[in-house]
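Q: Requesting a structural model of the entry that follows:
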Amino acid sequence: MVQLKKWGSFRDWLDKFFEEEDFFPFPFSFSGNLATDVYETDKELIVEMQVPGFKKENIKISIQDGYLKVEGKYDEVDEEREKNYWRKEIRRSSFARAIPLPRDIETKGAKANFENGVLRIKLPKLEPSEKAGEEIKIE
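A: As a prediction, the model looks like this:
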């Protein structure tokens, strides 16, 4: 049950925010904001994403409509009642991220690896067509 507390000044609130570890009465997660780098080499577009705590079996990668979609979830684990917790902060959660691709890529040659909590996806770039298009004659 959340207790109401008398409102003080903004400064009092700010001090409590940084000093009291139980300031928020509910858990919150930043799992949707996983650190991600997107860069390119001569031949590839590379995406690196930090996904600590996840297993590669629980991560799904797809390419749809010009977006790289990465989804992951923790295995569901029932809380063990016999542990007699004093504190319970480890949460089970999931994430989904859609990253717009800045260029056209060849999906057939795409590769991914996962090591030490970092997911690395290599996407071969499609070379721009030599042909700029066809001219349309005005009648």
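Q: Check what contacts stretch 98-115 and list those residues.
A: With contacts defined as Cβ atoms under 8 Å, 6 or more residues apart in numbering, stretch 98-115 is touched by 36, 38, 40, 45, 47, 51, 56, 59, 61, 63, 66-70, 119-126. C-beta here means a position set from N, CA and C on the backbone, and glycine is covered the same way.
Q: can you pull the pLDDT of the closest residue to Y67 other than its chain neighbours?
A: Distances taken as Cβ to Cβ, 6 or more residues apart in numbering place A98 nearest to Y67, at 4.6 Å, with adjacent residues excluded. Confidence at A98, expressed as pLDDT, is 91.
Q: do the one 10 residues further on as well
A: In this prediction, K108 carries a pLDDT score of 87.
Q: Return the backbone torsion pair for it.
A: For K108, the backbone dihedrals (degrees, to the nearest 10) come out as phi -70, psi -30.
Q: Near it, how many other residues are there?
A: Neighbourhood size, K108 [other Cβ atoms under 10 Å]: 6.
Q: Next one: it relative to I63, how far apart?
A: K108 sits at a distance of 11 Å from I63 (criterion: Cβ to Cβ, to the nearest Å).
Q: got it, and K125?
A: In terms of Cβ to Cβ, K125 sits 13 Å off from I63.
Q: One more: A112?
A: Taking Cβ to Cβ as the measure, A112 falls 11 Å from I63.
Q: still on that earlier bit, just the buried subset of the contacts of stretch 98-115, please.
A: Among these, those that count as buried by neighbour count (16 or more other Cβ atoms under 10 Å) are V38, L45, V47, V51, I59, L68, V70, L119, I121, K122, L123, K125.
Q: Pretty sure the fourth one sits against A35.
A: No - under the criterion of Cβ atoms under 8 Å, V51 lies out of contact with A35, with a separation of 9.4 Å.
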